[in-house]
Structures are given as C-alpha cells and as structure tokens.
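Trainee: coords below, sequence missing:
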C-alpha cells in the first residue's frame, strides 16, 4: 500500500475517528453557506451569504456560523473548503477572524496556530481543534458535525 492509498477520505479523519464514514451518504450534512451572484440578502435565510466572485477569485476568506449551538469556522483557502471548531482551544478566540497562510489559521487573540485540514496545533502537534468534513454542492456549502 502506497502513502497515497492511506490518505483519509476527509483530512479530519486523522483527528476525529467519530467523523469517519465509508461514504458521504452516511453523513448528516447541514447547509451553512449559500453562494450568490452578490452578497445582498433577500428573504429569510439562516445561511451565510457569500458572493460567487469571492469564491471564484481564489482569495482566502472565512465565515463564522452557529450550527446546533456550536460556533464553526468555515474557511476557503487555496481553492478548498475547511471547517473546524470556531473557538480557539487556548482561550476561545474567534478563529474565523484569524490570518490564514500556508494551510493554517492563526488565532487573532494569542497567536495559536492550527492546521486547517486536521485541527492539529502547529507547535505541539496535538489535535486540539475538532475539524469537520465540508463540501460544496452547486451553490451550497455543507458541513457534517457527525
């Protein structure tokens, strides 16, 4: 078996065995972001609105969402989506407001850094942030907390 055969289905499966599943159909997916032509809000939507141009521009950005009473940070970085617990494990800083660079986010409060894909803290290499599978289906971004 080569190293490429050992890549987990979702990067966070390295950290959280509870998130492992044989396929996407076994997960409970929750819509979090709606991608629209512009960011204007029309109607009563509980989804975060992100403009299509922002997604297609290739620029990194983050959105904070409250899902089932839980703060989740959803990142768009280098063309991929990532999701993790939105409160820093150090002292609860808002990770969605942090700087993202080279696949990691730096908490804006005290500088703790976490790998976007796994939630592993970059200094002690411990899995301190729970990360979640995330996917984009057409104009919706969904995550699975289970």
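Mentor: Perfect, thanks for sending it. Note that the coordinates shown come from a computational prediction; the quantities given were computed from them, not determined experimentally.
Trainee: which residue ranges form the helices in the chain?
Mentor: Per DSSP state H, the chain carries helices over the ranges 52-56.
Trainee: Which pLDDT value goes with the spatially most central residue of it?
Mentor: Centre of the chain computed as the mean C-alpha position; nearest residue by CA atoms, centre = their mean is residue 83, 1.3 Å away. The pLDDT attached to residue 83 in the predicted structure is 97.
Trainee: and the gap between it and residue 38?
Mentor: Spatial separation of residue 83 from residue 38 under the definition CB to CB, to the nearest Å is 24 Å. From N, CA and C alone the C-beta is placed, and that goes for glycine too.
Trainee: try residue 102
Mentor: The gap separating residue 102 from residue 38 is 31 Å, by CB to CB.
Trainee: same deal with residue 101?
Mentor: Relative to residue 38, residue 101 is positioned 28 Å away (CB to CB).
Trainee: quick one on the thing from earlier: so the residue nearest to the centre of the chain sits against residue 76, correct?
Mentor: No - using CB atoms under 8 Å, residue 83 is not in contact with residue 76; the gap is 10.5 Å.
Trainee: thought residue 52 was touching residue 35?
Mentor: Yes - with contact taken as CB under 8 Å, residue 52 and residue 35 are classed as touching, separated by 5.4 Å.
Trainee: Thank you, goodbye.
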